[in-house]
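Chemist: Need a 3D model of the sequence below.
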Amino acid sequence: ILSSHRQKLSPLQGTQRVRHSSSSSSSSSSSSSSSSSSLPSGETGDPLESLHDDIDATMAVLAEIDTKTSAFQMQSGLSCPEGCGRCCHSPTVEATPSEMLPLAAELHRRGEAEVWLEKLNNVGDVCIFFAKDSNSDWKGRCTVYPWRPSLCRLFGFSSRRNKDGQAELVECSHMEKGQLEKASAVVREDIVTAPDTSLHAMRARMASPGQTGQLQVDVMNINRALLVALDKYSTLRYFADQS
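Modeler: The predicted structure follows:
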């Protein structure tokens, strides 16, 4: 994903444009004027290119999280129940819009941005990309797994500091009891290091200070975070297409 990301997302490729209906009838001269005045103040150069830099930086941190959680999983023997989607089906899953920008860009690349914008305006709090198994109350799968945010990568395979400053496993109660007891013990006794939830989530959310701005610090429901990210990317993509 990282190696091909910029090539896939280049605004110079293809002819697809994302337009806001209020701007679609503007002349080329007024569009150019609107472009410069509508972008956030202080932005220089190519805002979309800067946003791609932010996306690359975010994906690099998310890939690092995957490496560390995978290593912890192997060392501790901890694993999710096969096919389990209980945490994905929770309405409390949160993210920042900056973490959702890679997915927003991918949806644009697929030509699906407007479809998902419409869906996100009419959806509840459970992640819209979780596909529940029709034959089970708790099984399912993530349909955008490579682009999921930090919490989805860290939960159950990371640690936090308790009031005494000691590392403790962030447990998922649906994991096998024996595995949990073993993993909790090796983390508590500092035999195996589990990635720190707060530290790595913060790193993913603050990966780059480019065009993301306030998108980095606003933690919200995952569907809302994607809606904000899609709107941001759509706006910059539209003005880039007009230039």
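
Chemist: right, and Met59 touches Pro102 too?
Modeler: Yes: contact criterion Cβ atoms under 8 Å: Met59 and Pro102 qualify, at 5.4 Å. Heads up, the C-betas are built off the backbone N, CA and C, glycines and all.

Chemist: Looking at these two, which one has more neighbours?
Modeler: Using other Cβ atoms under 10 Å, the more surrounded residue of Met59 and Pro102 is Pro102, with 27 against 20.

Chemist: What residues does that one make contact with?
Modeler: Residues in contact with Pro102 (Cβ atoms under 8 Å, 6 or more residues apart in numbering) are 5, 55, 58-59, 62, 147.

Chemist: hmm, 6 Å instead?
Modeler: Pro102 makes contact with 55, 58-59, 147, according to Cβ atoms under 6 Å, 6 or more residues apart in numbering.

Chemist: can you redo those as TSV with pLDDT, secondary structure and distance to Arg86?
Modeler: Below are the contacts of Pro102 laid out as TSV (pLDDT from 0 to 100; DSSP: H, G, I helix; E, B strand; the rest coil; distance: Cβ to Cβ, whole Å):
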residue	pLDDT	secondary structure	distance to Arg86
Ile55	94	helix	30
Thr58	95	helix	26
Met59	96	helix	26
Trp147	98	helix	21
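
Chemist: Quick check: which element contains Gly124?
Modeler: Counting by DSSP states H and E, no helix or strand carries Gly124.

Chemist: For it, which non-adjacent residue is spatially closest?
Modeler: Excluding its sequence neighbours, the residue lying closest to Gly124 (Cβ to Cβ, 6 or more residues apart in numbering) is Pro91, at 7.0 Å.

Chemist: now do Ala201
Modeler: Counting by Cβ to Cβ, 6+ apart, the residue nearest Ala201 is Ser150, at 4.4 Å.

Chemist: State the phi and psi torsions of that neighbour.
Modeler: Backbone torsions of Ser150, given as degrees, to the nearest 10, read phi -60, psi -40.

Chemist: now it: how far from Leu169?
Modeler: 17 Å (Cβ to Cβ, to the nearest Å).

Chemist: Ok, Ala194 next?
Modeler: Distance from Ala194 to Leu169, by Cβ to Cβ: 6 Å.

Chemist: Lovely, talk soon.
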